[in-house]
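**Q** kindly generate the corresponding structure for this input.
(chains A and B)
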Amino acid sequence: MRQMPSLLRRIAVTCVLAAAFCLPLAAATVSKLNDDVLAPLRGPVVAKRILLNNVPLYEHGTAKIDLEEFDVWAPGGKVIVNDGKSVQYLDPPPMRFFRGSVSGDPESFAYFSVDETTGAIQGLVATRDGKFSVNAARRHLTPRDRSPDNLRGDDFDYFLTASDESDEMPMTGKTWECGVESLPALPHVNKRILTEVDASGHPIIAQGITGTQSFAITVEVETDDELFAAAGNSVSAVTALATNLTGAVSTIYNRDLHTNVVQQNVHVYSGGPGTDPWMATDAFNGLAELGNNYHTNHLALKRSAVVMLSGKTTQSGVAWEGTIGEGDSAASINSVSTFSGAYAWCGSIGDLQGSFTSTVPDPNATTNGTQFGMPTGGNNYWPLEEYAHELGHNLAGHHTHCVVITAGEAAGTNHPSQLFIDMCHTGEVEQSPPNSACATGTDFSSAPTEKGTIMSYCHNVFSGGVPQSRFTFGQASEVSHHELDDYMLNASGPLAPNGGSFNIVTAVGTLTMSTITASSTVAPNSTGNTASVTTMNGGTPTFSWTITGGTITSATNTTSITYTAGASGNVVLRATAFKNGTNGSSFPDGGVGITDTKTVTIVTCVAPAISTQPQSVAVPAGTGVTLSVGATGTSLAFQWFIGTSGVTTTPIGGGTAASVNVTPSSTTTYWVRVSNSCGSVDSASATVTVQAVAAANFFLLAPCRVLDTRGGAPVPANGVMNLVLTGKCSVAAGATAAVVNVTVVSPAVGGLVTLYPGPANTVKPVVSTINYTAGRTLANNARITIGVDGSINIFNAAGTPLDFLIDVSGYFK
Amino acid sequence: MKTHTVSKLVFFTIVGLLSAVSAAAQTGPFQFFAVPPCRVVDTRNPNSTNGGPIMGNNSQRDFAVRGTCGIPTSAKAVSLNVTITAATTTSFLTLWPSGGARPVVSTINFTQNDPALANGAIVGLSTNASDLSVFNSGGNVHVILDVTGYFQ
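**A** Down below sits the predicted model:
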């Protein structure tokens, strides 16, 4: 049992209105926008947030726009392309999405998408001052510019289109007609009456993402032959249009209703006229057709609503009220039997007075590129307005305008004051009595003069009306905001399996997920490979996994999976975490999901073999040393052990790389096991002999220059030079330290030098022997510890090679 | 008269210096023990005995060298490299065994134009828990001490 379909009819059929419709709209303002302002959208996103500074909005100054990255596609979403002969399931195009608001304007919103293939950016910014569309158009490239390098974002011209002038269009003097005449008034068992009040009798407003609850609804997007034709017979153009519309709708719903809107599948019909199953030529029959088709063919399809974006020139839309979260019911429209449910039908998406593509009037662009981007002002806001409006009906939103609820309206099942209803909708039972003058199209005087909201019929039905509506359901106290919020708050959740389901999501803070942990290579056709993620924050989410180049062999709704690799190429793993619904539904809420992707290379396993054994070494007590092994083979894993080779009782924690740093307090033996999926091999033992600190006598030498790099190899930048001291300048073998004067010669940049004992694989201590500034030859005196092998290491911490002198004047032994 | 006054000042200075040196000169002989280079003091670190804060104007800090970096409590002197950084004015440091009067000597001289500057030194250690004193003459400066061996 359903509420009646509620119609948003953009234009009535009388000649008067047709003429009025042809009146020119207020001209949209267009100017170019510097790409530098938008460029951060293509860059790295830190903590899912991006801040755009100084976005110019015409005479309204510049805006600081705070954005978060979000997802428009539900997990597993596809572009389903039917060309009349076969059906293809395509992955969503690579796009990133951002939504947010303008700093200082709580009623504002901003939405941007980035085409990751081309770098093109589309966007829409709505503030209290007006609506501003960002559209990318590709500049006509000269032959010289036609290199792949030029297919970058900086090849785009951006056009900022404003409709603020048309927002000021007066409404008085218009005549209009309402469009709901003969539909049966169905009992509305699902109507969520505004019954929740606090102790003072004030209605309770749901709190959203910033409060305690948020919601998500998943939309199946339908299109038709006519939209495909209007989009220049381009699958990608239709997909981009639907995706951007859903993204902008989700941005509005998220701000006002704490509700994420994601699209599950976008259906595109690419085979020309007759490819699609949609025969109806008007909104009512279209809605009946949509309900019949989905009830008959897709009853079990998990979805919250089905939205038709039709290219038919109906200039109207229609939807069932209060149907999201409920099952389908038998109904009829104009004597056509159908099923009511969460269905919304939006017409004239692709042909708005022939200006669907809304040519960007830029004198410098000889080719306008991305035509199916965001609406560009004036009546071209219609697709977004209609999508948001009809989906609002599915959420029990009535035709309203932005008038504050009175106490009487909030208290009862009807709304006696009528103040907040557009008063044109004879079938809406809230009106008692209906405004007959309005309904016959002779009275426009009752329409409010303030700007409308998304659910305001009055503001949308006449020429030029759409831009006069704000892209909002109003403030929390306003009717449509309250109605839809209340509906979401009181909905009982999904009724599987007959469609129409959504999740109530308890907000648990920002959901964060680790990157995927999995071996970077797997063997061809290997089984039992594992991959896993963990969540760092966000409560107990739901997970899903997808794979290409292999087959998942475990459940996919957990943090870890096992999979079988393909025969060659790569395996691409993708994990998604969603905030879980409190109602136990397995239906992913989408919208707040986060994902990570990892590519695993399929390689034939080569057994490990050791090419370079770890070497024994002697060091002074307290000195760290790096032991290394050279090995060949695929996907090698290492584990170092204390003890002789083969004894595995004492593994070194963290010693899982080809080299390991050890600082034994006494002489110790180590070895390493190198392994992979097709075998393992043990290294030889290597002993680190610790030489105790010994008493030494001083031996005086005639000063002698033991190192002078000038004319030879300098100490490398950020590198180490190993120098054997003993045996040079009469420094005796077995000397434990030397008395030296060290000199840096004309250093190019400032820096420091660290002298420490050899051998070369000694771990460098964090100390310094001399600090210097650029250009200044400088000396220092030091007593430097000599390694057991008689060598020292000279570390140059500067980014340029360094000429260095060491003069020795004595040693200790 | 003028010459006489200068002579008196020099005379008193030398007496003080000799008294400090002569005490050290009467110990030993010592043998040298090389240790791996090790940072024992860094006032850039969080506040602690051998850490921050930065040394202030005309101030003294006493650091504990023995018992760290392989320097035994029996050590009588330490071979070290003293490095300064973040100096705010022209100044000098004096290093000496803690507990005694500060000798009128300098261990390293520097200016605020030195990003960092180092000098090698051999300094005696007292038997106090904090065995090594450092004096900064002027301004603020960070002090870093790296040891390479000790005498005992």
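
**Q** pretty sure residue A:629 contacts residue A:672?
**A** Yes - taking contact to mean CB atoms under 8 Å, the distance of 5.0 Å between residue A:629 and residue A:672 places them in contact. In short, each C-beta sits where N, CA and C put it, glycine included.

**Q** so which residues on chain B come close to chain A?
**A** Listed as neighbours of chain A in chain B under the rule CB under 8 Å from any CB of the partner chain: B:31-39, B:69-70, B:79, B:81, B:83, B:85, B:114-120, B:122, B:144, B:146, B:148-149.

**Q** buried subset of the residues you listed, written for PyMOL?
**A** To isolate in PyMOL the members of the residues of chain B next to chain A that are buried, counting by 16 or more other CB atoms under 10 Å in any protein chain shown, one can use:
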select buried, chain B and resi 32+33+34+35+36+37+38+39+69+70+79+81+83+85+114+115+116+117+118+119+120+122+144+146+148+149
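
**Q** can you flag which of the residues of chain B next to chain A belong to strands?
**A** Among the residues of chain B next to chain A, the subset assigned to strands under DSSP state E consists of B:32-39, B:79, B:81, B:83, B:85, B:116-120, B:122, B:144, B:146, B:148-149.

**Q** what bits of chain B have low per-residue confidence?
**A** For chain B, residues meeting the criterion pLDDT under 70 lie at B:1-26.

**Q** give me the most central residue, it.
**A** The centre of chain B sits closest to residue B:95, judged by CA atoms, centre = their mean, with a distance of 1.5 Å.

**Q** bridging residues for residue B:118?
**A** When bridges are called by DSSP bridges, residue B:118 pairs up with residue B:83.

**Q** could you point out which element follows the helix or strand containing the residue nearest to the centre of chain B?
**A** Element membership for residue B:95, per DSSP states H and E: strand B:91-97. The element immediately downstream of strand B:91-97 (helix or strand, assigned by DSSP H and E) is strand B:108-110.

**Q** what's in contact with that next one?
**A** By CB atoms under 8 Å, 6 or more residues apart in numbering or on different chains, the residues outside strand B:108-110 that reach it are B:82, B:84, B:87, B:90, B:91, B:92, B:93, B:117, B:118, B:119, B:121, B:141.

**Q** buried among the residues you listed? Make that a PyMOL selection.
**A** Applying 16+ other CB under 10 Å to those leaves a buried subset, and the PyMOL line that selects it is:
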select buried, chain B and resi 82+84+87+91+92+93+117+118+119+121+141
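
**Q** quick one: the residue nearest to the centre of chain B from residue B:29, how far?
**A** Distance of residue B:95 to residue B:29, given as CB to CB, to the nearest Å: 22 Å.

**Q** next: residue A:513.
**A** The span separating residue A:513 from residue B:29 equals 67 Å under the rule CB to CB.

**Q** which strands and helices sit next to whichever helix or strand residue A:738 is part of?
**A** Assessed by DSSP H and E, residue A:738 sits inside strand A:737-745. Using 3 or more CB pairs under 8 Å, 6 or more residues apart in numbering or on different chains; DSSP states H and E as the contact test, the elements touching strand A:737-745 are strand A:698-708, strand A:751-757, strand A:770-772, strand A:778-785, strand A:803-812.

**Q** which neighbours does the second one have in its sheet, and in what orientation?
**A** Read it as strand A:751-757. Using DSSP bridges, the strands paired with strand A:751-757 in its sheet are strand A:770-772 (antiparallel), strand A:791-796 (antiparallel).

**Q** and the residue nearest to residue B:50 when sequence neighbours are not counted, helix, strand or coil?
**A** Nearest in space to residue B:50, with sequence neighbours left out and distances taken as CB to CB, 6 or more residues apart in numbering or on different chains, is residue B:41 at 4.7 Å. Taken by DSSP: H, G, I helix; E, B strand; the rest coil, the conformation at residue B:41 corresponds to strand.

**Q** burial of residue B:41, as a residue count?
**A** As a burial measure, the neighbour count of residue B:41 was computed by other CB atoms under 10 Å in any protein chain shown and equals 26.

**Q** so what's the closest residue to residue A:784 other than its chain neighbours up against?
**A** In space, and not counting its chain neighbours, residue A:784 is closest to residue A:755: 4.6 Å by CB to CB, 6+ apart. Taking CB under 8 Å, 6+ apart as the contact definition, residue A:755 lies against A:740, A:742, A:769, A:782, A:784, A:792, A:793, A:794, A:795, B:37.

**Q** recalculate using a threshold of 6 Å.
**A** With contacts defined as CB atoms under 6 Å, 6 or more residues apart in numbering or on different chains, the neighbours of residue A:755 are A:769, A:784, A:792, A:794.

**Q** circling back to that earlier point, mind picking the two most distant members of the contacts of strand B:108-110?
**A** The span of the contacts of strand B:108-110, defined through CB to CB, is set by B:90 and B:121 at 19.7 Å.

**Q** how near is the nearest residue to residue A:715 once chain neighbours are set aside to residue A:709?
**A** Taking CB to CB, 6+ apart, and ignoring the residues beside it in sequence, residue A:715 has residue A:796 as its nearest neighbour in space, at 4.1 Å. Using CB to CB, one obtains 10 Å as the distance from residue A:796 to residue A:709.

**Q** distance of residue A:70 relative to residue A:254?
**A** According to CB to CB, residue A:70 stands 8 Å off from residue A:254.

**Q** oh, that last question was meant for residue A:762, not what I typed.
**A** Using CB to CB, we find residue A:762 at a distance of 58 Å from residue A:254.

**Q** okay, now residue B:68: neighbour count?
**A** Each residue near residue B:68 was counted by other CB under 10 Å, and the total is 15.

**Q** could you do residue A:562 as well?
**A** Count around residue A:562 with other CB under 10 Å applied: 15.

**Q** save the strands paired with strand A:751-757 as CSV, and put in mean neighbour count and mean pLDDT too.
**A** Formatted as CSV, the entries for the strands paired with strand A:751-757 read as follows, by neighbours: other CB atoms under 10 Å in any protein chain shown; pLDDT from 0 to 100:
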stretch, mean neighbour count, mean pLDDT
strand A:770-772, 25, 93
strand A:791-796, 22, 95
